[in-house]
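Undergrad: Curious how this folds, go ahead:
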Amino acid sequence: NWMSKELAGLGGDFNVVDGAGKPLAYSTTDLISSSPEHASTRVAAYLDKKASRQVVSQISLLCRLRSLFAKKDEAKFRETLSEAIGRSRKLADVWEKRPEWWEDEGGNVDHSFLLLDALNKNGFANVLIAKADFDVPTSE
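TA: A predicted model of the protein is given here:
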């Protein structure tokens, strides 16, 4: 599937694949014992299964988003986005905490496009930092 191919490509970029081209799952101990040049490596984060999935999901989402932006001009991207929103509605997907001002009715994809474009250009962390600048404290 698409995600497996992306992870294999990413693993290949960092030379952490096995003979079959599948990404290796290294622990710090594995890495240090197999690669003496990494002896000074320090653990930067401990990831449980849930956190690992979140990291992989964010990387996969950004890779997929970037591939779509690279393949489509803005008009075609907006058309694809409108179709995706329509399919989401048909499946009765629910967006919890959707802002009241968010518009995507009747084919209007401006807010969704601007958000995805910012995510593509700036990544999750910078979008969240920018969002914090616009958040208005509520009394809840």
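
Undergrad: now the longest helix seen in the chain, how far from the chain's geometric center?
TA: Ranked by residue count, the top helix of the chain under DSSP state H comes out as helix 110-134. Put simply, helix 110-134 sits 12 Å off its chain's centre (CA atoms, centre = their mean, to the nearest Å).

Undergrad: Okay, now the unreliable bits of this protein?
TA: Filtered on pLDDT under 70, the chain yields the residue ranges 26, 43, 106-107, 134-140.

Undergrad: So which residues of it form helices?
TA: According to DSSP H, the helices that the chain contains are 2-13, 28-34, 49-71, 74-90, 110-134.

Undergrad: Looking at those, spot the one closest to residue 42.
TA: Closest approach to residue 42 among the helices of the chain is made by helix 28-34 (8.2 Å; CB to CB). Every C-beta, even on glycine, is put in place using the N, C-alpha and C of the backbone.

Undergrad: Check which residues of that closest one are buried.
TA: Using 16 or more other CB atoms under 10 Å as the test for burial, helix 28-34 gives no buried residues.

Undergrad: Let's have the helices of the chain in JSON lines, adding distance to residue 98.
TA: Below are the helices of the chain laid out as JSON lines (distance: least, CB to CB, whole Å):
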{"stretch": "helix 2-13", "distance to residue 98": "27"}
{"stretch": "helix 28-34", "distance to residue 98": "41"}
{"stretch": "helix 49-71", "distance to residue 98": "19"}
{"stretch": "helix 74-90", "distance to residue 98": "12"}
{"stretch": "helix 110-134", "distance to residue 98": "11"}
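
Undergrad: So for residue 41, which of those sits nearest?
TA: With CB to CB, the closest approach to residue 41 among the helices of the chain belongs to helix 28-34: 6.1 Å.

Undergrad: Export the closest one to PDB, keeping only CA atoms.
TA: The C-alpha coordinates for helix 28-34 follow below in PDB (Å, rounded to 0.1, in the frame of the first residue of the first chain):
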ATOM      1  CA  THR A  28      19.100   2.600  20.800                       C
ATOM      2  CA  THR A  29      21.000  -0.500  21.900                       C
ATOM      3  CA  ASP A  30      20.600  -2.100  18.400                       C
ATOM      4  CA  LEU A  31      21.800   1.000  16.700                       C
ATOM      5  CA  ILE A  32      24.900   1.500  19.000                       C
ATOM      6  CA  SER A  33      25.900  -2.100  18.900                       C
ATOM      7  CA  SER A  34      25.700  -2.400  15.100                       C
END
